[in-house]
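Q: Got a sequence here, can you build the structure:
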Amino acid sequence: MTLTKSQIVDSLTNELGFSRKTSTETLETLLEIIKSSLENGEDVLISGYGKFCVKEKNSRRGRNPSTGDDMILDQRKVVVFRCSHLLREKINGE
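A: Purely as a prediction, here's the structure:
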């Protein structure tokens, strides 16, 4: 099951006693801070959770899956997430 923004807002509301409006604004502000930092090329490190990084991918040769024709994929930037060892251990039950 996928965790949605609405479910996170519900958790903030129920567990911390915030109003729904405050929970929504807090989550949206946090996500905007993360997005603007990544947009500026900065890494986002959340201690005990992981690190979001922007990586550059070079242009490369690819294939159009519907026609099978060769094509060149443009250079682009992608967001990469690397989880911390603490999160990895928790997920693996270590």
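Q: Can you show me the helices along this structure?
A: With helices called from DSSP state H, the chain shows them at 5-16, 20-39, 85-92.
Q: Can you name every helix or strand that the first one contacts?
A: Counting contacts by 3 or more C-beta pairs under 8 Å, 6 or more residues apart in numbering; DSSP states H and E, helix 5-16 is packed against helix 20-39. From N, CA and C alone the C-beta is placed, and that goes for glycine too.
Q: ditto for the last one
A: Using 3+ C-beta pairs under 8 Å, 6+ apart as the contact criterion, no secondary-structure element is in contact with helix 85-92.
Q: same thing but at 10 Å, please
A: In terms of contacts (3 or more C-beta pairs under 10 Å, 6 or more residues apart in numbering; DSSP states H and E), helix 85-92 is packed against strand 50-57, strand 76-83.
Q: quick revisit: now tabulate the helices of the chain in a markdown table and tack on mean pLDDT.
A: Formatted as a markdown table, the helices of the chain follow (pLDDT from 0 to 100):
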| stretch | mean pLDDT |
| --- | --- |
| helix 5-16 | 93 |
| helix 20-39 | 95 |
| helix 85-92 | 93 |
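Q: for the ones you listed, which one sits closest to residue 64?
A: Closest to residue 64 of the helices of the chain is helix 20-39 (C-beta to C-beta; 29.2 Å).
Q: then that closest one to PDB, C-alphas only?
A: C-alpha atoms of helix 20-39 as PDB (Å, rounded to 0.1, in the frame of the first residue of the first chain):
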ATOM      1  CA  ARG A  20      -6.200  19.500   9.700                       C
ATOM      2  CA  LYS A  21      -5.400  22.900   8.200                       C
ATOM      3  CA  THR A  22      -2.200  23.300  10.300                       C
ATOM      4  CA  SER A  23      -1.100  19.700   9.400                       C
ATOM      5  CA  THR A  24      -1.700  20.300   5.700                       C
ATOM      6  CA  GLU A  25       0.200  23.700   5.700                       C
ATOM      7  CA  THR A  26       3.100  22.100   7.600                       C
ATOM      8  CA  LEU A  27       3.400  19.200   5.200                       C
ATOM      9  CA  GLU A  28       3.100  21.400   2.100                       C
ATOM     10  CA  THR A  29       5.800  23.800   3.500                       C
ATOM     11  CA  LEU A  30       8.200  20.900   4.200                       C
ATOM     12  CA  LEU A  31       7.700  19.600   0.700                       C
ATOM     13  CA  GLU A  32       8.300  23.000  -0.800                       C
ATOM     14  CA  ILE A  33      11.500  23.400   1.200                       C
ATOM     15  CA  ILE A  34      12.800  20.100  -0.100                       C
ATOM     16  CA  LYS A  35      11.700  20.800  -3.700                       C
ATOM     17  CA  SER A  36      13.400  24.300  -3.700                       C
ATOM     18  CA  SER A  37      16.600  22.900  -2.200                       C
ATOM     19  CA  LEU A  38      16.800  20.100  -4.900                       C
ATOM     20  CA  GLU A  39      16.000  22.700  -7.600                       C
END
